[in-house]
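Participant: how does the following fold in three dimensions:
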Amino acid sequence: MKKAKIYIPNKSAMQSGLGKLDKWILEFETKDPTKNPLMGWESSSDTLSEVRLEFSTKELAIDYAKKKRIDYEIIEPKKRKIVKKSYADNFLN
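Facilitator: Numbers count the residues shown, from 1 in each chain. All right, here's what the predicted structure looks like:
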């Protein structure tokens, strides 16, 4: 079977908050992407590259992959370091 990766997607540049970042994604890795000679777009004959499954927890995604005998790789999210800032800090130094 194909290999998949399980991860939490990064927030987009249009998001300022951390909402909607609690879903785990199971996404298949593309096999030999080719370049369309006419338009220059990246394309592939592999239709599994278009499949993207969402799960509410990491355990559900792992259970699904094991049940369907899919080789998977888990990409753990990095912890964000939040620095609290105050407007007054601009004038104290």
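Participant: this structure: helices as residue ranges?
Facilitator: Using DSSP state H, the helices of the chain run over 58-67, 89-92.
Participant: which strands and helices sit next to the worst-scoring helix or strand of the chain on mean pLDDT?
Facilitator: Ranking every helix and strand in the chain by mean pLDDT, DSSP states H and E puts strand 42-43 at the bottom, with a mean of 78. Judged by 3 or more C-beta pairs under 8 Å, 6 or more residues apart in numbering; DSSP states H and E, the packing partners of strand 42-43 are strand 34-35. Using the backbone N, CA and C atoms, a C-beta is placed for each residue, glycine as well.
Participant: neighbouring contacts of the strand it packs on?
Facilitator: Here strand 34-35 makes contact (C-beta atoms under 8 Å, 6 or more residues apart in numbering) with 41, 42, 43, 44.
Participant: so how far is it off the chain centroid?
Facilitator: Put simply, strand 34-35 sits 23 Å off its chain's centre (C-alpha atoms, centre = their mean, to the nearest Å).
Participant: partners of it in the sheet?
Facilitator: Strand pairing for strand 34-35, determined by DSSP bridges: strand 42-43 (antiparallel).
Participant: got the confidence number for residue 30?
Facilitator: Reported pLDDT at residue 30 in the predicted model: 77.
Participant: quick check: the gap between it and residue 43.
Facilitator: 10 Å (C-beta to C-beta, to the nearest Å).
Participant: and for residue 92?
Facilitator: Residue 92 sits 56 Å away from residue 43, taking C-beta to C-beta as the criterion.
Participant: which one's more surrounded, the two?
Facilitator: Set residue 92 next to residue 43 and count neighbours by other C-beta atoms under 10 Å: residue 43 wins out with 12 against 6.
Participant: can you measure across stretch 29-45, start residue to end residue?
Facilitator: Stretch 29-45 has an end-to-end distance of 13 Å (criterion: C-alpha to C-alpha, to the nearest Å).
Participant: so residue 22 makes contact with residue 58?
Facilitator: No. Between residue 22 and residue 58 there is no contact under C-beta atoms under 8 Å: 10.6 Å.
Participant: neighbour count winner among the two?
Facilitator: When residue 22 and residue 58 are compared for neighbours, residue 58 comes out ahead with 15 against 9, by other C-beta under 10 Å.
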